[in-house]
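Chemist: structure for this input, please:
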Amino acid sequence: MLPLHYVIRHTGVAAGLYLGISSAHFFRGGIMQLNPEAEAGKVLANVWQNRGFPVDPVTIAKALGLQVLDTELPEMISGALIKEAGKDPIIALHHADHPNRKRFSCAHELGHYVSRVESMDPDQEYEYVDLRGPSASMGTDPEERFANAFAASLLMPQFAVMDLVESDMPIFQISRFFGVSNEALKNRLRSLGLA
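Modeler: Below is the predicted model:
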């Protein structure tokens, strides 16, 4: 486990974690009108290659060239996406979080990564820090809404959710099948109009 001060020392942008700087301060441009369900579907088909469930977002992140660290983060931060100009992006996950939360946090940060890759000029160097903290679940920031919807779509694709719900499998078994919390599954069911 790498402590946050190590991550900060090796990624200058991460200083924003302590300064309270939001991702908007580092992101030049803005989120395109991407469909999180469609973008997650592309990642599932092209990177995960439909290998089954539960989907492993760490494996996907590594296949996309991101480093994933299990590290010490501030108490209210579950994950962070850190990108410094000229360096590969890093996803930092809170070492003390439950494995299901880490999986969702990693998928959430992948959503930020995908939205930035798809939204940015490929020739432009960029730096940013995205944090998954309490505001991520509030649904007020478009980037956070995209990242949450992407994560839910990646870990719990609509077709698979529909099949399991139609089979009358109990909620707790469906959440175990996908490797997510009951709360994450219930949120996904609501977003699909199934609850």
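
Chemist: helices along the protein, start to end?
Modeler: For the chain, the helices defined by DSSP state H cover 4-10, 15-19, 23-26, 36-43, 57-63, 99-119, 142-155, 158-166, 171-178, 182-191.

Chemist: could you save these as TSV and add columns showing mean neighbour count?
Modeler: No exception for glycine: its C-beta is placed from N, CA and C like everyone else's. What follows is the helices of the chain, written out as TSV (neighbours: other CB atoms under 10 Å):
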stretch	mean neighbour count
helix 4-10	15
helix 15-19	15
helix 23-26	15
helix 36-43	18
helix 57-63	18
helix 99-119	23
helix 142-155	24
helix 158-166	14
helix 171-178	16
helix 182-191	17
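
Chemist: Ala92: which of those is closest?
Modeler: Ala92 lies closest, by CB to CB, to one member of these: helix 4-10, at 5.7 Å.

Chemist: what's the mean pLDDT across that closest one?
Modeler: If you average the pLDDT over helix 4-10, you get 41.

Chemist: what does stretch 68-81 give?
Modeler: Stretch 68-81 carries an average pLDDT of 89.

Chemist: how far does it stretch from one end to the other?
Modeler: 9 Å (CA to CA, to the nearest Å).

Chemist: give the buried residues for it.
Modeler: 68-69, 71-73, 77-81 (16 or more other CB atoms under 10 Å).

Chemist: which one among those gets closest to Ala184?
Modeler: Nearest member of those to Ala184, counting by CB to CB, is Ser78, at 12.2 Å.

Chemist: looking at it, that closest one is touching Arg101, isn't it?
Modeler: Yes: between Ser78 and Arg101 there is a contact at 6.1 Å, judged by CB atoms under 8 Å.

Chemist: joint contacts of the two?
Modeler: Residues touching both Ser78 and Arg101 (CB atoms under 8 Å, 6 or more residues apart in numbering): His94.

Chemist: and the contacts of stretch 37-56?
Modeler: 59-60, 63-64, 103, 107, 110-111, 114-115, 118, 149-151, 153-155, 157-158, 160, 177-180.

Chemist: which stretches of this structure have low pLDDT?
Modeler: The chain contains residues with pLDDT under 70 at 1-32, 120-140.

Chemist: ok, the residue positioned nearest the centre of it to Phe146 distance?
Modeler: Nearest to the mean C-alpha position of the chain, by CA atoms, centre = their mean, lies His108 at 1.4 Å. To Phe146, His108 is 10 Å away according to CB to CB, to the nearest Å.

Chemist: next: Arg190.
Modeler: Counting by CB to CB, the gap from Arg190 to Phe146 is 17 Å.
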